[in-house]
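S.K.: From the sequence below, what's the structure:
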Amino acid sequence: MPFFKYTAITKDGKEISDIEEAFSISHLKSKLSSKGLVPIEIIEVEKKENKKLFSFSFGKKSVSKEELALLLYEIGVLIEKGVHITNAVEIIAKQVENENLKNSLLMVQTKLKEGLSIAEAFEKAEIFPKFLVEMIRAGETSGALDKIFLSASEFIEKQEEFKKQIINSLIYPTVVILVGFIAMVVIMVYVVPTITKLYSQFGKELPFATKLVIGFSSAVSKILSILPFLVVFLIIFRKKVFKESLIDKLKLKIPFFKYVHLYSIYANWGNTLSLLLKGGLTLDKAVEIANETITNSLIKEKFMKVASEISKGKSFSEVLAKENLLSDSNIQLIKIGEETGQLESMLEILARIYKKETEKLINRFMSLLEPAILIVLSTLIGFFIFATLLPIFDLTVK
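M.R.: Okay, the predicted model is just below:
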């Protein structure tokens, strides 16, 4: 929020000056009025950085996708029932517990009262996605605002469900790998050195397998000793070490993850584009905004060419085929949609296809990964235990 320097008159007739944060001049006037102050001069000033130099807002909550989806649904329902957008925002703002969300809604309400368009008011709040702002801008004169908010709410909810489905499917193998890794570290760092000291007292030649485990244990201990420094180094220089282009390139190289990453991007892109076209946006503008949802910079760069080519009058399907962005069968779907005037429906079908392919890949991977992890970890831990205890068996036999 901007800062304003004001001069006001108190109830006692004294003149005071101060700097206060507010959404706008009218918002500041209402704040001063509630304090019994009469403003005589208000000037917007630069934000005072030193004012918050040592302040920490631990209680400030960001707005989650679930909260945003519910908010848009509530706004859509109220507008559908005939409530004006300004009143709808005010009603919901009074019920919201999240301070960040409440302040954003109050900003929207203030901007609407100042005469800004609905799209401009929501854009000023800075928490609403760009696709929603553009849909509002395209549809606020058509009288279909309720459908826009309800569609956007459903879209965000489905996107979050899909994302959670992918994350939840990876929780189990991650936990198993983590537990197995911790077990191996404990064996390497604590168990093996203790038994090694015992073997050194006998002065006997150790088996090759035991020497291998001892060497590995020594290497793990050295790595753990420098690990804190390595972590600090990576945190400080993370932007130089983990460059976005490098990470995105790596995502497209990992055999299984490559296709999950690509298909989820295509599904999200297709759904967003379909929603924007239904909202009344032109194809080139809709593609431009849908491209912002692409999370891989390398893929995004390729898709950015599509919007500019469409604006020059080229066919959507032809541009996709030329840039080799989608499979031939999916480009054919888009071509049919262009020719029949059902592009939105075809994009929905395309998104469903990629979503199902992502789910199939994950299920197939999980069915192979779980037994593979158990076999590998069991074999490794079993080998370490056997190699560690092997000299004891030799001594017992002799």
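S.K.: only C-alpha atoms for contact and neighbour calcs from this point on.
M.R.: OK.
S.K.: Tell me which stretches of the stretch 1-150 of the chain form helices.
M.R.: Secondary structure of the stretch 1-150 of the chain, counting by DSSP state H, counting those that start in this stretch: helices at 25-34, 65-80, 85-95, 99-113, 118-125, 130-139, 145-186.
S.K.: Distance check, Ile42 against Lys5.
M.R.: 6 Å (C-alpha to C-alpha, to the nearest Å).
S.K.: ugh, typo on my part, it should be Val189
M.R.: The value you get for Val189 to Lys5, if C-alpha to C-alpha is used, is 62 Å.
S.K.: and if you look at Gly215?
M.R.: The separation that Gly215 has from Lys5, given C-alpha to C-alpha, amounts to 69 Å.
S.K.: Ramachandran angles for Thr115?
M.R.: For the record, residue 115 is Gly, not Thr. phi 100, psi 0 (degrees, to the nearest 10).
S.K.: Sorry, slip of the keys, the one I care about is Ser315.
M.R.: Taking degrees, to the nearest 10, you get phi -70, psi 140 for the backbone angles of Ser315.
S.K.: how many neighbours does it have?
M.R.: Burial of Ser315, expressed as a neighbour count using other C-alpha atoms under 10 Å, amounts to 15.
S.K.: Roughly how far does it sit from Val179?
M.R.: Here Ser315 is placed at a distance of 53 Å from Val179 (C-alpha to C-alpha).
S.K.: average model confidence for the host helix or strand of Ala321?
M.R.: Secondary structure here is read from DSSP states H and E; on that basis Ala321 sits in helix 316-323. With pLDDT averaged residue by residue, helix 316-323 scores 86.
S.K.: Check stretch 104-116 too.
M.R.: Mean pLDDT, stretch 104-116: 85.
S.K.: quick one: contacts of that stretch?
M.R.: Stretch 104-116 has contacts (C-alpha atoms under 8 Å, 6 or more residues apart in numbering) with 23-24, 26-27, 86, 89-90, 93, 118, 121-122, 124-127.
S.K.: Could you list the buried residues of it?
M.R.: Using 16 or more other C-alpha atoms under 10 Å as the burial criterion, the residues of stretch 104-116 that qualify are Ser104, Leu105, Leu106, Met107, Val108, Gln109, Thr110, Lys111, Leu112.
S.K.: what stretches of this protein score poorly on pLDDT?
M.R.: Applying pLDDT under 70 to the chain flags the ranges 1-2, 23, 45-61, 141-143, 202-204, 241-242, 393-398.
S.K.: domains of it?
M.R.: Residue ranges of the domains in the chain are recorded as 3-52, 65-158, 171-398, according to automatic domain parsing.
S.K.: Spatially nearest residue to Asn296, not counting backbone neighbours?
M.R.: Residue nearest to Asn296 in three dimensions, not counting chain neighbours: Asp248, with 5.6 Å by C-alpha to C-alpha, 6 or more residues apart in numbering.
S.K.: my read is that neighbour is in a helix, agree?
M.R.: Yes - using DSSP: H, G, I helix; E, B strand; the rest coil, the secondary structure at Asp248 is a helix.
S.K.: what about it, distance to Lys278?
M.R.: Asp248 is 31 Å from Lys278, by C-alpha to C-alpha.
S.K.: just Ile91 next, same as before
M.R.: Distance, Ile91 to Lys278, by C-alpha to C-alpha: 28 Å.
S.K.: from memory the residue nearest to Asn296 sits against Lys300, does it?
M.R.: No - assessed by C-alpha atoms under 8 Å, Asp248 is found out of contact with Lys300, at 10.5 Å.
S.K.: Give me the more crowded residue out of these two.
M.R.: Ranked by neighbour count (other C-alpha under 10 Å), Asp248 and Lys300 place Asp248 first, with 18 against 15.
S.K.: How about the contacts made by that one?
M.R.: Applying C-alpha under 8 Å, 6+ apart, the residues near Asp248 are Asn296, Ser297, Leu298.
S.K.: By neighbours, which of the residues you listed wins?
M.R.: Neighbour count (other C-alpha under 10 Å) singles out Asn296 as the most crowded of the contacts of Asp248, with 18 neighbours.
S.K.: How much space separates that residue from Ser245?
M.R.: Going from Asn296 to Ser245 by C-alpha to C-alpha gives 8 Å.
S.K.: next one: Gly76
M.R.: Following C-alpha to C-alpha, the distance that separates Gly76 from Ser245 is 39 Å.
S.K.: Can you pick out the residue with more neighbours from the two?
M.R.: For Gly76 versus Ser245, the count of surrounding residues by other C-alpha under 10 Å is larger for Gly76: 24 against 12.
S.K.: right, and that one touches Asp146 too?
M.R.: Yes - in this structure Gly76 lies within contact range of Asp146 using C-alpha under 8 Å: 4.3 Å.
S.K.: Perfect, I'm done here.
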